[in-house]
Each structure stands twice: as C-alpha cells, then as structure tokens.
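Participant: What follows is a predicted structure for the sequence shown.
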Amino acid sequence: MEMQIPLMQDLDLQGLRTMIRLDLNVPIEKGVITSEARIHAALPTIEIALSKGAQVILLSHLGRPNPEELDGSFSLEPVAKKLEELMGRPVCFLADWIEVIPDITDALIVCENTRYLKGEKTNDESLSKQIANLCDVYVMDAFGASHRQHASTFGAMQYAKQACIGPLLSKEIEYLTKALSEPEKPLVAIIGGAKVSSKLGAIESLSKTCDHIIVGGGIANTFLLANGKETGKSLVEPEMVESATRILNLDGVNVPMPIDVIVAKEFSNEAIAETKSIEGIESDDVILDIGPETAIIYKDIINEAKTIIWNGPVGVFEFDQFSNGTQSLAKAIEQNSGIKIVGGGDTVAVVEKYNIAHSISYISTGGGAFLEFVKNGTLPSIEVLKSSNKV
C-alpha cells in the first residue's frame, strides 16, 4: 500500500471534531443485535481517536431502508446502546444530525443511519458537503462500504477539510495488496456463490496470478454449461457461458471442474439429496453441492497451496444435506498452514459455522469491497484520497 495516504493514527486529533465512517451494519432481529463482530472490529479505531483527544462522531449505514418510508426498524440506536455497554463510557445518539452536531465533549456521538438521508446512495453533492462540514477531520474506516460511491463515504471525503483512512481499512488493504501482488505460490482462489456475473471481474483478475481457481455454487454450474455438460434445472447464467469458456481456455491457470455433484429435484430443506456423476445429470436435477470425489480433488489442491483466497461457499451449506462440500473444503483450509484470506458475508458465516476462524490469517469485513479490490487492486475511497489534494 502506498503510504502517502494519510492514516488516522499519524494525525494530531487533539480537540478536533473527528468523524469516523465505520461499518456497523450488524444483523438486528426484533431490536436485538445477533452478531456483534463488526462492532468489536471497530472498537480499536474509536479508542485510538479518543486517546488522541478527539471529539469522536461515528457514522454508519445499516441495512437498506427506504428514506421515503422510515419506521425505525433500521435505526442505529441499538448499536449506540451496545457501544455504550462495551466501552463503558457515555454515548450520545443523535436521530437528527445533518443540520448541526452539538459540541459534546464528554460523550461519544453516534449519528442515525446514513441511509435515512435522501441523497446518500446517489452521492448527492450538497449532502456530501453538508456531512463534510460537520467535522474537522473525516476518517474512512469502513472497508465494507469503501467500494460504494455514496455521500457518507466517497462524497464526504472529497469535501472534508482533512481526510484520512483508519486502522481497519489500512490493515485490510495492506493484507490484500500483499496477498495479490506478492503471493507465496501456489496461489489458490476458491470462488463460490450464486452468480458468475457478480464475480466475473474478480475471477478474470485472479486468473492472472492464481495457479488454481476452484469454482463452486451456481458459478460452477455456468462453467459446467460452458464445458458442454447437462445442468438440468440448476441455477445457471447462459449469457455468461462465453466469459466462462474464455477463462477455462486460459494458459497458466487451472480451473478444475466437478466430476460429481449432489443433486435434488427441488431447492428446499426437505429435498432428498442424491450423488451423481457429472455425466449422469438429468434434465430435472438441481445441482446443490459438489460431490465427494470432487471434494477430494479440491482438497488435494488446497493441501498444496501456500496462499488461499476464499470467497463464497461451494454448495447450499445452510441445508445440512448440501453442506458436505463446503464443510470438507473448510476443514482442508483449516489444516493448511499457508496464508488464508477470507472475504464476504456468506464465507464468514461458513467460517463461523465450522469454527475455523482461529486458523484464518485474515477475515475481510467486506463482500463487494473485497471482490472489487481483488478485481482492481484499489477502491473508490482510496482513489478519491489520492486524487484530491489531501495527500
């Protein structure tokens, strides 16, 4: 990472209104936070700013509320309460903050969900300026939102008096940059999930540096189709076959194809699972996991790897009968002693489900941002800092 990008930890923040854009987008059910991981990840950043004598103002989005119909279900208030409990210091929650943020020196300020503001998602210029004018220093520390050009991320950085990135974001970028630009070989990427279209850019980029790319989930079905195989009623993207074929034909990267799969006649928790060879797929089959023979081939590749980048499960791991493929790869990854980087919400859920977090070198907090960084080697939030005169 080019260190000319200003880091929060290097700035004098004494007495300055320091606005930190975090990713506190946590799952909340009936007012109760069901996973506090993102809040815990943000605590060191907040503590550093406070120890530097900053007046700390926190921003984050939560979920996807419609600014036209707000009912409070996406409020950050439960997060503010949780922060107060975890930090043991007063937290002041501001429901209305865009016009003015009062000078509160003895408490941490948490502002209401940025997506409650009209113009947030369209990166409205006047809203961006309004946000920027509420602080002396703007800190971007939300990796999970750093690929979005929104007013509270990209826009506010452009207009802030002083902008910088926080420790979470700088650590994330440093880790990914090293893994992508100077990887220990062999480098293996595991790319699962539903759609090739959302991950094609990342797969193409990885194909330049990877020795092996293991594809799974709906993505693998499209590659099977490109290979001329029957995929039955499985989730596929026929319009992506050409792109998949191009990747399969590349020299220098191996994209192993499943030789057997777990199928059912429907996508449901009650569906009866059946193992079939790729040649035995029928027109009414739905592919929902990789088969045991394929899992062995993939595990052998993982065992040899020195660097692993993992984004997306290889089957419908939420249903037990279609979880064996993902579980067997998770266990192989756990036993590998190389560098292992995991990104994306579903993948983090797999890591938690099979208790392998202790063995992962780095767990990325972002899904879309992770893929965008893999694809482009940078993110809009970083570029805006480089291109503005704030460096």
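Facilitator: Structure's in. What do you need?
Participant: all helices for the chain, in order.
Facilitator: 37-51, 77-87, 125-132, 156-159, 167-181, 196-206, 217-226, 241-248, 292-304, 324-335, 345-353, 368-376, 380-387 (DSSP state H).
Participant: from those, which stretch is densest packed?
Facilitator: helix 217-226 (a mean of 25; mean count of other C-beta atoms under 10 Å). (Glycine included, C-beta is placed from N, CA and C.)
Participant: tell me which strands and helices that helix is in contact with?
Facilitator: Judged by 3 or more C-beta pairs under 8 Å, 6 or more residues apart in numbering; DSSP states H and E, helix 217-226 is in contact with helix 196-206, helix 241-248, strand 286-290.
Participant: Lowest average confidence across the ones you listed, which one?
Facilitator: Here the lowest mean pLDDT among those goes to helix 196-206, at a mean of 88.
Participant: so how far is it off the chain centroid?
Facilitator: 15 Å (C-alpha atoms, centre = their mean, to the nearest Å).
Participant: Equivalent analysis for stretch 194-206, please.
Facilitator: The answer for stretch 194-206 is 14 Å, by C-alpha atoms, centre = their mean.
Participant: circling back to that earlier point, could you export the helices and strands packed on helix 217-226 as JSON lines, including distance to residue 119?
Facilitator: Formatted as JSON lines, the helices and strands packed on helix 217-226 follow (distance: least, C-beta to C-beta, whole Å):
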{"stretch": "helix 196-206", "distance to residue 119": "26"}
{"stretch": "helix 241-248", "distance to residue 119": "35"}
{"stretch": "strand 286-290", "distance to residue 119": "42"}
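Participant: just to revisit the earlier point, out of the helices of the chain, the one nearest residue 144 is which?
Facilitator: Residue 144 lies closest, by C-beta to C-beta, to one member of those: helix 368-376, at 5.6 Å.
Participant: distance of residue 218 from residue 345?
Facilitator: With distances taken as C-beta to C-beta, to the nearest Å, residue 218 is found 16 Å from residue 345.
Participant: Next: residue 203.
Facilitator: Taking C-beta to C-beta, one finds residue 203 at 19 Å from residue 345.
Participant: same check, this time on residue 129
Facilitator: Distance, residue 129 to residue 345, by C-beta to C-beta: 32 Å.
Participant: swap in residue 142?
Facilitator: Residue 142 is 15 Å from residue 345, by C-beta to C-beta.
Participant: Next: residue 268.
Facilitator: Residue 268 is 22 Å from residue 345, by C-beta to C-beta.
Participant: do residue 337 as well
Facilitator: In terms of C-beta to C-beta, residue 337 sits 26 Å off from residue 345.
Participant: again, but for residue 159
Facilitator: Distance from residue 159 to residue 345, by C-beta to C-beta: 31 Å.
Participant: Looks like residue 159 contacts residue 129 (just checking).
Facilitator: Yes. With contacts counted by C-beta atoms under 8 Å, residue 159 reaches residue 129, the gap being 4.9 Å.
Participant: Ramachandran coordinates for the residue nearest to residue 232 when sequence neighbours are not counted?
Facilitator: Nearest non-adjacent residue to residue 232, counting by C-beta to C-beta, 6 or more residues apart in numbering: residue 285, 3.6 Å away. Torsion angles at residue 285 (phi, psi; degrees, to the nearest 10) stand at phi -80, psi 150.
Participant: neighbours around residue 285, how many?
Facilitator: For residue 285, the neighbour count with other C-beta atoms under 10 Å is 19.
Participant: Looks like it contacts residue 221 (just checking).
Facilitator: No. Taking contacts as C-beta under 8 Å, residue 285 lies outside contact range of residue 221: 10.8 Å.
Participant: so what's in contact with these two at the same time?
Facilitator: residue 234 (C-beta atoms under 8 Å, 6 or more residues apart in numbering).
Participant: Show me the shaky parts of the protein.
Facilitator: Within the chain, the segments meeting pLDDT under 70 span 1-3, 388-391.
Participant: Got the domain ranges for it?
Facilitator: 8-166+378-387, 185-337 (automatic domain parsing).
Participant: Need the ones you listed in a markdown table (columns: distance to residue 369).
Facilitator: As requested, the domains of the chain are exported to a markdown table (distance: least, C-beta to C-beta, whole Å):
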| stretch | distance to residue 369 |
| --- | --- |
| domain 8-166+378-387 | 4 |
| domain 185-337 | 11 |
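Participant: Which of those domains sits closest to residue 355?
Facilitator: Short answer: domain 185-337, nearest of the domains of the chain by C-beta to C-beta, at 8.6 Å.
Participant: chain center to the closest one: distance?
Facilitator: The answer for domain 185-337 is 20 Å, by C-alpha atoms, centre = their mean.
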